[in-house]
Every structure is written in C-alpha cells, then in structure tokens.
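Student: Prediction below, plus the sequence it came from.
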Amino acid sequence: MTKKLLLAASLVVGVLAFFGGPASAQYPEGPSASVDATGVLAGGTINISGQDCFDDPDDIVDVTLEGELIAQLPVAEDGTFGGPVTIPADTPPGTYTLEATCGDDVLSIEITVTAAGVTPTPPSGGGPLARTGSNGIDGLWKIGGGLLVAGAAATLLATKRRHASA
C-alpha cells in the first residue's frame, strides 16, 4: 500500500511540475525602451526607441528628465515609438534617469550627462532594459518530464514484480 501511495504521489508531482509554469510566463511582454548611447553631452541629442506601446496609436510618449518634459514622441500603429531627444544645455554633469511614459507604464533608462568638451560615456550594451521574471519554463519541463518518466518506470517495475510473484 505504501508503494502505491508513493507512486501516486510521484505521478501527481510529476504532472504538476510538467504542466505548471511560473505566473510571469502568462502575462504579455510590456513596453520597452532603449537609447543609442548611455552618455550624452549637456545640450546634446540621443535617440530613444521603444516598442509594445499599444494604448492608443494616436498617443504620444512623453520623455522626461528629472520630471521635466524634454520630448514627445508619436506612437506608430504597430506600437513602436522613437526619435531624437535633446538634453537641456543647462543640465549639470551627473547620472540621471530618463523616463518615457507609455500609457500607465513608465520606462526608465539611466544616462550620464557630461559637460561640454568632455567625452561622453560610450554605449554599454545598447540593448533594451532587462526584464525581470522568466519568459520560459524549460527547467520545469525537464524536471516534470523526468518525474513522469520515473513514475512510469516505477509503475512498470511494480507491475512486472507483481506478475513475476503471482
């Protein structure tokens, strides 16, 4: 009886691990934004681009630096947006957060502003912001599949032993 309970429990755990997935994989990707350089001169221009901003194709993405509106970029029908953004010339050197507002989502990008005559920081990575969470369940598929195989093997062994002893 203990073997049957153990076998049933391992099969249930295997099925749950095989078909279960993290909740984050069930939610769609949100909007994202990136810049062509993380360093810019005060008074200089950087290009910002983004995707998946589907609130309303006629919407405008507001770009702010420390709460000050510095650009407005149109959203295309496919949810993309982008264009040049000029950093105010009176911005003191330092690290700032550039924010692009897409509907209710605020996309933050850290940039470094340098004074005129100073070489700005070269781009590092240049890709979109990292998304936290998991997009895949590969590990759970492997674990669940392994548990299902182990459960099936245990069932076959128990059946063969029962027939051999009868």
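Tutor: Here it is on my side, so go on.

Student: Looking at the closest residue to residue 40 other than its chain neighbours now. What's its pLDDT?
Tutor: Using Cβ to Cβ, 6 or more residues apart in numbering and skipping residues adjacent in sequence, the residue nearest residue 40 is residue 46, 4.8 Å away. Any C-beta I mention is one placed from the backbone N, CA and C, and that applies to glycine too. Note on residue 46: pLDDT of 94.

Student: Tell me if I'm right that residue 46 and residue 83 touch.
Tutor: No. Contact status for residue 46 versus residue 83: not in contact, 10.3 Å apart, counting by Cβ atoms under 8 Å.

Student: Name the residue in those two with the higher neighbour count.
Tutor: Taking neighbours as other Cβ atoms under 10 Å, residue 46 and residue 83 compare with residue 46 leading, 20 against 14.

Student: Please, which helix or strand holds the more buried one?
Tutor: Using DSSP states H and E, residue 46 maps to strand 45-51.

Student: what's the answer for residue 98, then?
Tutor: strand 94-102.

Student: Strand 45-51 and that strand, what's the angle between them?
Tutor: Orientation check (axes from the mean of the first three to the mean of the last three Cα atoms, to 10 degrees): strand 94-102 against strand 45-51 gives 40 degrees.

Student: Now strand 94-102 - C-alpha only, CSV.
Tutor: Extracted in CSV, the C-alpha atoms of strand 94-102 (Å, rounded to 0.1, in the frame of the first residue of the first chain):
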residue,chain,number,x,y,z
GLY,A,94,25.9,63.6,-13.5
THR,A,95,23.8,60.4,-13.7
TYR,A,96,20.1,60.9,-14.5
THR,A,97,17.0,58.8,-15.1
LEU,A,98,15.4,59.4,-18.4
GLU,A,99,11.7,58.3,-18.3
ALA,A,100,9.4,57.5,-21.3
THR,A,101,5.7,57.3,-20.3
CYS,A,102,3.7,54.9,-22.4
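
Student: after it comes which helix or strand?
Tutor: Heading C-terminal from strand 94-102 (DSSP H and E), you reach strand 105-114.
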